Every structure is written in C-alpha cells, then in structure tokens.
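>>> curious how this folds, go ahead:
(one chain, ligands or ions: 1)
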Amino acid sequence: MKKYWLLIWAVVVATSGCLKGQDDPVFPSPDLTIPEDESITLQSALPFPIGAAVNNNLIRTRAPYRDVVIKELNSLTAENAMKFSQLHPAENTYTWTEADFLVEFARQNNKRVHGHTLIWYKNPPSWALNYQGDAAAWDRLLKNHVQTVVNHFKGKVVSWDVVNEAIAENGTLRDCIWLQKLGPEYISKSFIYAHEADPNALLFYNDYGHEYGPTKRNGILKLVNDLKAQGVPIHGIGLQMHTRYNMSNNNIADAINTAAATGLKVHIAEVEISMNPDNIQDLTYSAGLAAQQKAKYEFLVRTYNAIPKNQQFGITTWNVGDSDSWIRGEYNRPDWPLPFDDNYHRKAAYQGILDGVK
Ligand code: 9MR
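Just a heads-up that it's a prediction; the model follows:
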C-alpha cells in the first residue's frame, strides 16, 4: 500500500512540475481582468501614440505578449537593446542584431520606434569607463557613439532619449563619467551630435522623479530650458513616471503641466503604477487595489490629454504585463504595475486609460 502512495505522490510532483512552465510568474495575479471587447484597442481609442518598452526574447517566445504588443500598441521602445553596452560592447565593435530585430518587428507591424537611450550614466560598458584619453579624445568617443548609433537607425527610429537621468535627486547635475571627462557640456554636445547625424529625429531629455516634488523637477526643467535658450536642438522632455498608486494627483499634474510649460513635446516615457511600493512580501492584488490603480491611470491620462495636442508625443508603459515588469525582479516583491495582467489580459487599469480620454 505504501508503495502505491509513493507512486501517486511521484506522479503528482512530476505533473505539477510539467504544468509549472519555466515562464510562470513568481507572483501570479488573481483574475481581476475586465471583459474583452474585441472592437476596442488602446491604439485605436487613444488620440495620441501609446507604446511600451519591449523585450525581444518575449516577442520571440511568449505569444500572448507579442499579440498584445501588435494589437494594442503603436509605439515601441527597446527596454534594453539600444543602450550603450548592448550596441557598443567594445571600442571598435558595434552589435546591431538585437536592435535591428526590434526595428524590423516594428516595421512589419507598423509601429513607431522611439530610441532609448544614447547617453546614460548607468550604462557605459567597462571599456568606456576605463577609457584613457584627454578631453578631446573623450569628445570623439561621445561623438562617435552618438553619431554611429543615430546614423544606423536613421529613418527607422523617429526619436531618441539622447541623455537619460542626468539630474540627481537634489536637482544638480548627477556625477558620472561624462560629467567628469567633458564637464556639463556633455549634455548639449550629445544633442548637437545626434541632430547632426539625423536632423529629422526628435530629440528628448528623459528623466524620472518629476512627480516627486519641486527639488528634482526644477533641476530638470532648468536643464531643458537652458538647452533651449542656448539653441541646442532639443524637441522633447520624457517623464519616466515610474510611479505608485498612492502618489498624489497634485504631484502627477505638476509633473505633466510643468513639462508642458516648456513648450517641448512631452513623452510619458516609462510609466508604471506600482501597487506595492512598501515591499510587503505577502501582499495580494485585490479588487480594491485594482480600483485604485485604475483611478491613478485614468488621472494620469486625463491630465496628459489636456496638454496641447501638438505636444503629446505619447504614453509608453515600461514593460507590457505584470509578469514581465522589471519591478518584480528589481525589488523582489509581488507587484502588479501594468494595464495587462500576468497572462496579458486587460485589467481595470486598462479601462482607466480608456476612461482618461472620455
Ligand atoms: O528595465 C530595464 C532593465 O531590464 C535593465 O536591467 C536596467 C538597466 O539597464 O534598465 C531598466 O530600464 C530602465 C531604463 O532604461 C531607464 N529608466 C529606468 C528603467 C528601469 O530601471
């Protein structure tokens, strides 16, 4: 008898192992989806472009992910494939395969591609960090990278986050290798070089924390207004908007409206609305949380939709569904920050986005 129980136990363990595929999320969300109305999609319902940061491996391997990207969105940002380390891993080596895959996927499916990102304090590969040379040599390094990349994607990538996250939390320029080697002009140089390489590309300064309050925001606004005043070719400001369900509406509105007051195009460039900013390990997603998330997405979209039309570059979420959000991996916590759930079904947040333009 004991033997049979052992056998049954072995079968149960083995089959549950099979059923639990490698891709299964660690923190599956309960089913809080909304009914799918096939006649509605985000891209058809919204009066401005709507996109997401996408990951090539998931486009290749996760059919529901790819389907949602194709069906719902009309603008794509590479989550990682166009960053410095990925494109330029050694001084004389550029690797285009992954970024080209994404650009080709976008072309086939009629999606706009926004380039992310040319110069970012976080991303230089070790060869660049260890590069030895005087200011003129560093200038050549910067120019070579920016122009080779922009030129490669000329006519295929309509816009770039030229410089990413150059402002520190206290509103001053963030210390980084580019500042150390080239001084504050590394920022204006990056825009000028990008513009030389592709005069038709729209050039953005992208950062997070506009909604935290005036300290960082004023630093960012001063930077972009100074660039404008100097005649530097800058066309847009990206508000990353990695935010959370309990961020005040006033702060979100201040972020969007002060950006719009620069007169530049405004891209909500990396939005997600975290539901577990306090890292509660046993939090579960509930109808109550879903409703709060819906309201926050709706407010954000409503506020964005009220800025002048010609300044609405679009809204991009950072990732597509809850199971591929960078937040879970980065903070190792349950969270459900996106408009699609773990299985790429529409959540209440999706309805919030639609309601924001009604
Ligand atoms: O989501 C991205 C993650 O996969 C990368 O490991 C990380 C470092 O390159 O960058 C993440 O994306 C960041 C974006 O490029 C800039 N703003 C913050 C995003 C989340 O960290």
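>>> just give the closest residue to residue 43, not the sequence neighbours.
residue 74 (4.2 Å; CB to CB, 6 or more residues apart in numbering). C-beta coordinates here come from the backbone N, C-alpha and C atoms, glycine included.
>>> number of residues surrounding the one you found?
Neighbour count of residue 74, defined by other CB atoms under 10 Å: 20.
>>> in the stretch 101-250 of the chain, which residue sits closest to the ligand?
Here the residue of the stretch 101-250 of the chain nearest the ligand is residue 240; by CB to the nearest ligand atom that distance is 5.4 Å.
>>> interface residues of the stretch 201-350 of the chain facing the ligand?
240, 270, 326 (CB under 6 Å from any ligand atom).
>>> right, and the last one touches residue 317 too?
No - using CB atoms under 8 Å, residue 326 is not in contact with residue 317; the gap is 11.3 Å.
>>> against residue 157, how distant is residue 137?
The gap separating residue 137 from residue 157 is 27 Å, by CB to CB, to the nearest Å.
>>> quick one, phi psi at residue 75?
phi -140, psi 140 (degrees, to the nearest 10).
>>> oops, could you answer that again for residue 33 instead?
Residue 33 adopts backbone torsions of phi -80, psi 160, taken as degrees, to the nearest 10.
>>> just to revisit the earlier point, comparing residue 137 and residue 157, which residue is more hemmed in?
Higher neighbour count among residue 137 and residue 157: residue 157, with 25 against 12, using other CB under 10 Å.
>>> find the nearest non-adjacent residue to the more buried one, please.
Once flanking residues are discounted, residue 157 sits nearest to residue 115: 4.3 Å by CB to CB, 6+ apart.
>>> in contact with the closest residue to residue 46 other than its chain neighbours, which residues?
Distances taken as CB to CB, 6+ apart put residue 357 closest to residue 46, at 5.9 Å, once the chain neighbours are dropped. By CB atoms under 8 Å, 6 or more residues apart in numbering, the contact set of residue 357 is 45-47, 301-302, 305.
>>> repeat that with 7 Å
Listed by CB atoms under 7 Å, 6 or more residues apart in numbering, the contact set of residue 357 reads 45-47, 301, 305.
>>> not counting sequence-adjacent ones, nearest residue to the closest residue to the ligand within the chain?
Residue nearest to the ligand within the chain: residue 326 (3.6 Å; CB to the nearest ligand atom). Leaving aside its sequence neighbours, residue 326 sits nearest to residue 319 (CB to CB, 6+ apart; 6.1 Å).
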